[in-house]
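K.L.:
turn this into a model:
(chains A and B)
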Number of protein chains: 2
Amino acid sequence: MNNADTAQTPAKPHAAPDFDAVLTAASRIAPHINPTPVLHARTLDAIAGCRLLFKCENLQRAGSFKFRGACNAVFSLTDAQAANGVVTQSSGNHGGAVALACRERGIAATVVVPRGASRVKLAAMESYGARIVPCEPTQASRDEVTARVVEETGAVLVHPFNDARVIAGQGTATLEMLRFAPDIDTVVVPVSGGGLISGTALAALGVDPSIQVYGAEPAGARDAHDSLKQGERITGRVADTVCDGLRAELGTLTYPLVRQLVRDILLVEDTQTVDAMLLVWERMKLVIEPSAAIGLAAVLANPGQFAGRTVGIVLSGGNIDLYELSELLSLASRG
Amino acid sequence: MNNADTAQTPAKPHAAPDFDAVLTAASRIAPHINPTPVLHARTLDAIAGCRLLFKCENLQRAGSFKFRGACNAVFSLTDAQAANGVVTQSSGNHGGAVALACRERGIAATVVVPRGASRVKLAAMESYGARIVPCEPTQASRDEVTARVVEETGAVLVHPFNDARVIAGQGTATLEMLRFAPDIDTVVVPVSGGGLISGTALAALGVDPSIQVYGAEPAGARDAHDSLKQGERITGRVADTVCDGLRAELGTLTYPLVRQLVRDILLVEDTQTVDAMLLVWERMKLVIEPSAAIGLAAVLANPGQFAGRTVGIVLSGGNIDLYELSELLSLASRG
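P.N.:
Numbering: from 1, shown residues only, chains lettered A, B, ... in the order given. All right, here's what the predicted structure looks like:
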C-alpha cells in the first residue's frame, strides 16, 4: 500500500459532508486525478442563447468524474481499514473508478456487478484488476452479495453515492471548474443517486452562495424530481432510459442535500439527451456517453430559464460502446 | 472588412516560407484561432512504448488545423487584395476553414467543390456562408472552374497547400505544441498535399534542429513516399483510402520542403488507421476523423523506431459523419 492518508482521522462515510470536505478532497485526490479542461464552443452558445462552459470529466481517468469520489474514499481509508481491500456495487463507471483507485493504492477491489451491465464498463473494471462478482439486477441481490463479500474478505464498502467521502470527491469537479471560470452563475449536472449533484451543490454554494444549481434527470427515471415535489424520498421504481449511468435513486444521505441545496430538477426525454450528445460529438469533438449529455439537453429544452446566464455543465463521462452508437443514433430526432 | 493586416507587405504565396514566416503567422492568427490543448493518455503510452503527446486540432475552430493556414492567408491579404473575396478548391476541411476565415474578415468566399465531397464538410462550408461552385472530381476540372471564378469575381486564390501563407499557418500548430511540451523530440503528422508537414517541419526544426519530423501517409495514396524514394515529384495517381483528407499529392512548393526537412514518410494501411482512430475515441474520448489517426497508427506500426522517444502527434481534424461510423468500424481489425 502506498500514498496512505494515515495522518487523517478516519472519515465518517455516513455523516453529511460540507464544503470543507470538498476542499479536503480536492487536496487529497490532486496527485491522482487529471485536472480536466473546461471547454466551450461558440456554436453551442449561439444555439443555447447563453454562455456554456463544459467541465470535461469524460477526459478524467477511468473515463468519468466517478474517479474523484472513488479516490477520495479509497485514499481516506487508514492503512488498517484498507488492509482487506474495498468492495462496491456498480454496473458502470463507479466500479471502474474504484478499481483504478484501489490499484493506485495497491489494495484489492471487488465490484458486485448486476447481470446485463455495459460490456465496455465491465471490461474497464477488469482491466484495472478488480475482482468481479455477479449478482441479479435488483437492489436486494446487490446488497446480499455485497454483504457476503464483506463477511468473507473484511473489505470496506465504498457505496457509489450514499457515502460522504464519495460525495465530497465528486464536488471537486465543480470546484475546479469555478476556479477556472469564476463568472459561472449557474451549474447543471446529471442526477442519479445524487452523489454528483450533492457534491456539486456543496462546492458551488461554498464558493458563491448565489450560484444556481440544477439537476437534469431522465423523464424515465424521475425519482429525484418526484421526491422533491412530494417532499419524501421515493424508492423502488424501475428506470426506463438510455442513460445507463442515471438509473439509481437518491439515497438517505443525498436526498436531504439535494432538497436543501438544489434549485430544481429538470426532466429530459431520451431523444433530447441523444440530440444533445450528438451536438457535443459533432460540435465539440468530444466522445461523451448519453448520461453526460443530459445537462446540455436540459439547458436547450429550457431556453427561457437560462437565457443570458453563464452556465457550467459537467460532462460526466465518456464510456460508451461505439458499436452501439448506431442504435443510439436511431433515437435522435433527426434519425 | 475588418482586422485587415494592412501594415504588412503583401505576402508572396509562391516563394518558400521559412521559420520566421511561421512565427509571423502565429502572431497574425492568434486573435482568431483556438489555442488547442495538448493531451496525453497513459494507456496509449503503455501500448506504444513511448511518450505520446497529442495536439488536438480536432478542437480547432471549423474542426481542423486547416483554419490556421486559411486565417494566415486571408488575414495577410491587403484590403485591396481582399476586396473581391477569396476562392479556393477543396472537398473538405480547407473549404470550411477558408469560409470561416473569410466570414471573420467580412469578405466573400467561394469554394470549388468536386462532386462526391463529404456531406458534413460541405454542410460546414455552407454554414460559414461560402458560395459553393461544383466541379468534376478531376484536377483539370477544379483548375478550370477555379480560373473561371477568378475571372468572373476578381477573387484571390488561396490554394489548400501549395501556398506559402497556408504552409506557414499550418506550422503554428507544432510551434504551440513545442512551446507547451519542449521535451518533444519527434513529431509525426499526416501527409497529403504537404502543407501541414512542410509547416510542421519548418516550425519544429526552427525551434530545435535535432527534432525528427516524420510524415504518415496512407498506403493507398503513397505519392509523397514514392516521390522521395524516386527523387522526383509523382502526380496523376488515383488515391484509394478511407482517409478523405489525405488524397491530394505534394505540390511544387511542398515537395522540396518535404524532401529537405522530413526524416521519413511512413506508410500506413487503412485498417491500422481505423484501429488507431478507435483507440483515440475510446481511450482519449476525442472525436477525430480517420485522416487524423494516421500519425498514431504510424507510431504503433513502427514500435522500434519510436521506442523511448517523446512523440508529438498532430490530431489534424474531427470532421466525420457519425452516420458513417459503422461502415468505418467494419474496417477495424477487431470488426
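K.L.:
A:P37 against B:T36, yeah?
P.N.:
No - contact status for A:P37 versus B:T36: not in contact, 10.3 Å apart, counting by CB atoms under 8 Å. Glycine gets a C-beta too; all of them are placed from N, C-alpha and C.
K.L.:
okay, these two: which has more neighbours?
P.N.:
Higher neighbour count among A:P37 and B:T36: B:T36, with 22 against 15, using other CB atoms under 10 Å in any protein chain shown.
K.L.:
secondary structure class for the more buried one?
P.N.:
Following DSSP: H, G, I helix; E, B strand; the rest coil, we place B:T36 in the coil state.
K.L.:
my read: it touches B:L59, true?
P.N.:
Yes - assessed by CB under 8 Å, B:T36 is found in contact with B:L59 at 4.9 Å.
K.L.:
and the contacts of whatever helix or strand A:V314 lives in?
P.N.:
Taking DSSP states H and E as the criterion, A:V314 maps to strand A:310-315. For strand A:310-315, contacts defined as CB atoms under 8 Å, 6 or more residues apart in numbering or on different chains pick out A:38, A:48, A:50-58, A:65, A:173-174, A:177-178, A:181, A:183-190, A:196, A:200, A:280, A:286, A:288, A:292-293, A:295-296, A:299.
K.L.:
list the buried residues for it?
P.N.:
A:V311, A:G312, A:I313, A:V314, A:L315 (16 or more other CB atoms under 10 Å in any protein chain shown).
K.L.:
so what's the third one scoring on pLDDT?
P.N.:
As summarised for this prediction, A:I313 has a pLDDT of 98.
K.L.:
my guess is A:N84 meets A:L157, correct?
P.N.:
No - using CB under 8 Å, A:N84 is not in contact with A:L157, being 11.3 Å away.
K.L.:
who touches both of A:P37 and B:T36?
P.N.:
By CB under 8 Å, 6+ apart, no residue touches both A:P37 and B:T36.
K.L.:
for the stretch 101-250 of chain A, which residues are neighbours of chain B?
P.N.:
A:V120 (CB under 8 Å from any CB of the partner chain).
K.L.:
which residues of the stretch 101-250 of chain A fall in helices?
P.N.:
For the stretch 101-250 of chain A, the helices defined by DSSP state H, counting those that start in this stretch occupy A:119-127, A:139-153, A:164-180, A:195-207, A:223-230.
K.L.:
where in the stretch 101-250 of chain A is pLDDT low?
P.N.:
Residues of the stretch 101-250 of chain A meeting the criterion pLDDT under 70: none.
K.L.:
and the residue of it closest to chain B?
P.N.:
A:V120 (7.7 Å; CB to the nearest CB).
K.L.:
likewise for the stretch 51-200 of chain A?
P.N.:
A:N58 (4.5 Å).
K.L.:
which residues touch the closest residue to that residue other than its chain neighbours?
P.N.:
Distances taken as CB to CB, 6 or more residues apart in numbering or on different chains put A:G318 closest to A:N58, at 3.0 Å, once the chain neighbours are dropped. Counting by CB under 8 Å, 6+ apart, A:G318 touches A:N58, A:L59, A:G63, A:S64, A:L286, A:V287, A:I288, A:E289, A:A292, B:K285.
K.L.:
quick check, pLDDT for the third one.
P.N.:
A:G63 is assigned a pLDDT of 96 by the prediction.
K.L.:
just read off the phi/psi values of the closest residue to it other than its chain neighbours.
P.N.:
Using CB to CB, 6+ apart and skipping residues adjacent in sequence, the residue nearest A:G63 is A:N319, 4.4 Å away. Main-chain dihedrals, A:N319, degrees, to the nearest 10: phi -90, psi 100.
K.L.:
next: A:E136.
P.N.:
Torsion angles, degrees, to the nearest 10, at A:E136: phi -80, psi 160.
K.L.:
then A:A108?
P.N.:
phi -80, psi 150.
K.L.:
what is the neighbour count of the closest residue to it other than its chain neighbours?
P.N.:
In space, A:A108 comes closest to A:G85 once its chain neighbours are excluded; the distance is 3.2 Å by CB to CB, 6+ apart. Residues near A:G85, counting by other CB under 10 Å, number 20.
K.L.:
surely A:G85 meets A:I107?
P.N.:
Yes - contact status for A:G85 versus A:I107: in contact at 4.9 Å, counting by CB under 8 Å.
K.L.:
residues in contact with the residue nearest the centre of chain A?
P.N.:
Residue closest to the average C-alpha location in chain A (CA atoms, centre = their mean): A:L196, at 4.6 Å. Listed by CB under 8 Å, 6+ apart, the contact set of A:L196 reads A:F65, A:F161, A:Q170, A:A173, A:V189, A:P190, A:V314, A:S316.
K.L.:
ok, it to B:A248 distance?
P.N.:
46 Å (CB to CB, to the nearest Å).
K.L.:
need phi/psi at A:S76.
P.N.:
The phi/psi pair for A:S76 (degrees, to the nearest 10) is phi -100, psi 0.
K.L.:
for burial, what's the neighbour tally of it?
P.N.:
Using other CB under 10 Å: A:S76 sits among 26 other residues.
K.L.:
you'd agree it is up against A:R165?
P.N.:
Yes - using CB under 8 Å, A:S76 makes contact with A:R165 at a distance of 5.4 Å.
K.L.:
picking that back up, narrow the contacts of A:G318 to those in helices?
P.N.:
Within the contacts of A:G318, no residue falls in helices by DSSP state H.
K.L.:
from these, which single one is nearest B:C102?
P.N.:
A:L286 (27.2 Å; CB to CB).
K.L.:
pLDDT score for the nearest residue to the closest one once chain neighbours are set aside?
P.N.:
With sequence-adjacent residues excluded and distances taken as CB to CB, 6+ apart, A:L286 is closest to A:V280, at 5.4 Å. Looking at A:V280, its pLDDT is 97.
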